[in-house]
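> Okay, sequence plus prediction incoming.
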Amino acid sequence: MQRKKKTNWILTIVLVLGTATVFFPLYMAVIIAFKQPSEMTNDVAGALSFPARWSLDNFRQAMEVTDFWHSLGNSLLITLATIVLAILIHSIAGYVIGRGMAKKKSFRFIYLYIVSGMFVPFSILMMPLVKQTAQMGLGNRLGVIILYLVFYMPMNVLLYTGYLKNIPVALEEAADIDGASAWKTYWKIIFPMMMPMHATVAILTALGTWNDVMTPLVIMSGTGHNTLPLAQLNFQTQFGTNYNLAFASYILALIPILVFYVICQKQILNGVANGAVKG
Amino acid sequence: MKKKMNNRERTFLAIVIPVVVLFFMFNTLPMLKGIVYSFTNYKGYGSYEYVGLRNYIDLFTDARVGKSYLFTFKYAIAGTILVNVLSLLMALGLNSKIRFKSALRGIYFVPNILGGLVIGYIFSFIFTYILPVVGDVFGIGFLQNSILASEKYAWIGVLIVGVWQAVAMNTIIYISGLQTVPSDVYEASMLDGAGKWKEFWKVTFPLVMPFVTINLILSTKNFLMVFDQILSLTKGGPAQSTESISYLIYKNGMDGGQFGFQSANAVLFFVVIVAISIFQMTVMGKKEEQL
Amino acid sequence: MSKKGIVRNISLMLAAVLGTVNLGGCGEEASSDRAEVEMVCYKPEAVKAFEKIEARFNETHDDIHLTISSPNEAMTILKTRFIREDYPDIIGIGGDSNYSNFLDADLFLDISELEELEQVKKSYLQMDKELEFVPQEGAYALPYAANAAGVLYNKEMFQKYGWEIPETWEEFMTLCNEIQSCGIQPLYFGFKDTWTCLAPWNALAVGLADSDICSQVNREETTFKEAYRETAEKIKALLPYAEENPYAYSYNDACTAFARGESAMYPIGSYAIPQIKSVNPDMKIDSFVFPANDSEKENVLNSGIDLQFCVMKNTEQKEAVYEVLRFLYEDEVIQIYLEDQGGIACKEGDFSIPSELTGMREYIRNDRMADFQDHHYPSEMSVDAMIQTYLLDESDNSADKFLKRFDTEWKRYNRDLIRKVQEYEKGMEDAQ
């Protein structure tokens, strides 16, 4: 037991050194976010040097241009709503399809039908969806949330059914014999056991929705509500891009999702610590 | 007992039907409409005519479309293999007894959240200005010019960035997969000594097999649908050597006036990619049973 | 934390976010007795100028309320709004293939009764005419501001070495050699962004090919193989004077390099000036018309409509819309726009021309201008990428290959249009 707890230092060192592949680009992004446009240059030494002055001006200005708090609110609203609904709906759908699949051909078909939806290129859906959501009065944030729920359904169902394979059916059967309904069994027994997968789904769904430009752009532009990525388009035109402000704004937008990720990581670990999964 | 199963089945149906309806409404229905457009010369607005199978016939004679399929497949095969090997190793590493575990997990996740503009600018800079210096110093020929400007090597540049970004996501899935491996079994496989590698294959690997399937399918799909990296790094260049299928569909279907034709392309692409993943699922499903 | 607890907490967070966002979401109600005119422009960089213009209009008009938006990705937004059948009243777009396509889709109102059209410089009206796939009765756009493309040069560097502005192709080549012999790089290109390949291409082609060449090809009167031969040869002749491997450098790199004095000249449009100046605000830039010909008399300035206003057919308040257009065309209002954006007024009159375009002034005054050729190319044909491919191609017959491809692809990408044109021509003949 003692021996197993020993830190693997070699691995630690390898992994720490490997972070250079992340830190180097990140370093560049951060110094650009602090520089002024007139400090931009094409020579390597100049590009990697510190900004002349460490000032938060770019960040302040970026927040102003993107109407930061309002855009952040919209992004948070859409992302959180999508995550919560995805965890609730996709997990039970994954469970029902996964368990049903083992016994019935029709569920196998539904599984393939939904998972194959993952491969539909968004471009072909875009125009019909724009029209359809407008006709249904969904050309707004609610419409975007619904679309995300549908877009991420294939991946999440795939993830949940995959995870389910490692959860023994015996548990449910025992509950069944005790007289619990399938509905109750699911929420009482299976849902908590899928904690690590909930956290994974939360991260992956959050990632996709947080950075997405296209869906909000075509569905809810003109409603007066911007998400952060939509607001960030302000920095970019064909003939001129203010990289300094843009980078400052991207770094600001990166912080909430990074925090969220760290919280979810803990959940992935907790799932095991609670002893939810037993072989 | 029989009545109980019926109850369970009824609950299952009550859950699955609304889900399927929702999915049909916002995925299948618009797709069917898209398929209708694939038989027209629709530009995306204004009036259009039905042109029969012309778009589909054109697909097979269009050199640019053919080139984009070749590029995309080359890219997807290389990317899928690289990402899965790297992220499984990463997951094993990040899941073992190391220091700074949370911090490391957080750091390796960052590439996945950087936006396209940042990625495009920074990696273009690295490929255009930094790597050529490295190439000069160490005499590495193919680095001496920006690889993004080379018809031959530009796809490798895109691949590097694609893999760099994708590893994070696949690692997360592998880590959560490793959590389903009961800790005693998992720790046993991490015992020092000659048997470690063998134990990994015999004990851990079969248990994470469902996650290998998931990751293979997801990463194949993501690499086949590569779009963001192309847009931010090469925009299909140089000399149209890195035009991916999704990029072409988007660029000419949305920006250009080829909506009808590119819808046909999208339909073909959809069929191809579904065929590939059903093949993957079947093969992997058999593997899973064997193990 | 229990599982239920987590779900509950997330729900609470969600409710809180929902609440705050909705509170902030209440918009102001417009009073009902005023006509509401909505205008969408495709120039997000001009948002400040539009804000000023909008405020000025609303201060002086009690009966009409004008809203101008100038969002990013405006073309995507406009197209999706058209799909939704949610049309603004006026759109501000460029005089390019989007205009041709929207017009062809019958989206615009004939505004020929608007007297302001008489004050537009003739060459810009002509450009709009040439953008019509099939000749249309009436007028559908009010040209507002134009940009110009040629060669930007580093004025201080030119003065220091005493270089002269070239007026013919030969002089231009001599100048490039001279600059090179001074140890300075003459040109800089950002061909990594393929669209920049079109800048020297257009600037050369306006002088070497007819402005309606695409229509001529559609009527099968000529081929690109003939019309573009010289342009193709001359654009390739520029490469030895630019940096090595220009395909590695982006538009932005090229702007930065030129701003930092890494090259003496930069063949690009006036639209690049703000980006260059952001890197080097004190730089003295001037420009000259691309001397594509052997005689100065044949040179033509490459200038196109950067912004023009079109009225959507579905508008329900024609009078109010006309009032807005009349206001926009007042000299002082145009001046507000030009001061913010640079560029050239499409209206006749004594408007200021940015100092960076001094070298082009005579051409502008004398109306010696022709539109960007690529405004006639369908964007899905990706002529920019074809030019890049051609420039990368080092084989001897590269020009032949490129021009042949140009002709074949043109037919493929324009076949519905060519058929339409031919049907129209046939209809005209039959009518006679």
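Yes, it's here. Just so it is clear, the structure is predicted and the values come from calculations on it, not from any experiment.
> which one is the residue nearest the centre of chain C nearest to, not counting chain neighbours?
The C-alpha lying nearest the average C-alpha coordinate of chain C belongs to residue C:306 (Cα atoms, centre = their mean; 4.6 Å). Among residues not flanking residue C:306 along the chain, residue C:147 sits closest, at 4.4 Å (Cβ to Cβ, 6 or more residues apart in numbering or on different chains). For the C-beta atoms, the positions are set from N, CA and C on the backbone; glycine is no exception.
> And the one you found, its phi and psi?
Main-chain dihedrals, residue C:147, degrees, to the nearest 10: phi -120, psi 170.
> Residue C:37 too?
Main-chain torsions, residue C:37, degrees, to the nearest 10: phi -110, psi 130.
> I'd say it and residue C:321 touch.
Yes. Checked against Cβ atoms under 8 Å, the pair residue C:37 and residue C:321 is within contact range at 5.9 Å.
> returning to that earlier point: please list all residues in contact with the residue nearest to residue C:306.
Contact analysis of residue C:147 by Cβ atoms under 8 Å, 6 or more residues apart in numbering or on different chains lists C:269, C:270, C:271, C:303, C:304, C:306, C:343, C:344.
> What residues are recorded as beta-bridge partners of it?
residue C:304 (DSSP bridges).
> So for it, what's the pLDDT?
On the pLDDT scale, residue C:147 is placed at 91.
> and the gap between it and residue A:250?
30 Å (Cβ to Cβ, to the nearest Å).
> The residue nearest to the centre of chain C and residue C:146 touch, don't they?
Yes. Assessed by Cβ under 8 Å, residue C:306 is found in contact with residue C:146 at 5.5 Å.
> List the residues that are in contact with both of those two.
Common contact partners of residue C:306 and residue C:146 (Cβ under 8 Å, 6+ apart): residue C:343.
> any chance you could map the helices in the stretch 1-150 of chain A?
All helices of the stretch 1-150 of chain A, identified by DSSP state H, counting those that start in this stretch, fall at A:2-5, A:9-18, A:20-34, A:44-48, A:57-65, A:68-85, A:91-103, A:105-116, A:122-135, A:141-164.
> ok, now the stretch 1-150 of chain B?
For the stretch 1-150 of chain B, the helices defined by DSSP H, counting those that start in this stretch occupy B:2-23, B:29-37, B:54-61, B:63-94, B:101-109, B:116-125, B:131-138.
> Export those as a markdown table, with columns for distance to residue C:242 and mean neighbour count.
Formatted as a markdown table, the helices of the stretch 1-150 of chain B follow (distance: least, Cβ to Cβ, whole Å; neighbours: other Cβ atoms under 10 Å in any protein chain shown):
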| stretch | distance to residue C:242 | mean neighbour count |
| --- | --- | --- |
| helix B:2-23 | 53 | 14 |
| helix B:29-37 | 43 | 19 |
| helix B:54-61 | 36 | 15 |
| helix B:63-94 | 27 | 19 |
| helix B:101-109 | 41 | 18 |
| helix B:116-125 | 18 | 22 |
| helix B:131-138 | 17 | 14 |
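> do you know which of those helices lies nearest chain C?
Chain C lies closest, by Cβ to the nearest Cβ, to one member of the helices of the stretch 1-150 of chain B: helix B:116-125, at 6.4 Å.
> What is the neighbour count of the residue in the stretch 151-300 of chain C that chain B sits nearest to?
Distance from chain B to each residue of the stretch 151-300 of chain C (Cβ to the nearest Cβ) is smallest for residue C:248, at 3.5 Å. Residues within reach of residue C:248, counting by other Cβ atoms under 10 Å in any protein chain shown, total 23.
> In contact with it, which residues?
Contacts of residue C:248 by Cβ under 8 Å, 6+ apart are B:127, B:128, B:145, B:146, B:148, B:149, C:192.
> Go again with 7 Å.
B:128, B:145, B:146, B:148, B:149, C:192 (Cβ atoms under 7 Å, 6 or more residues apart in numbering or on different chains).
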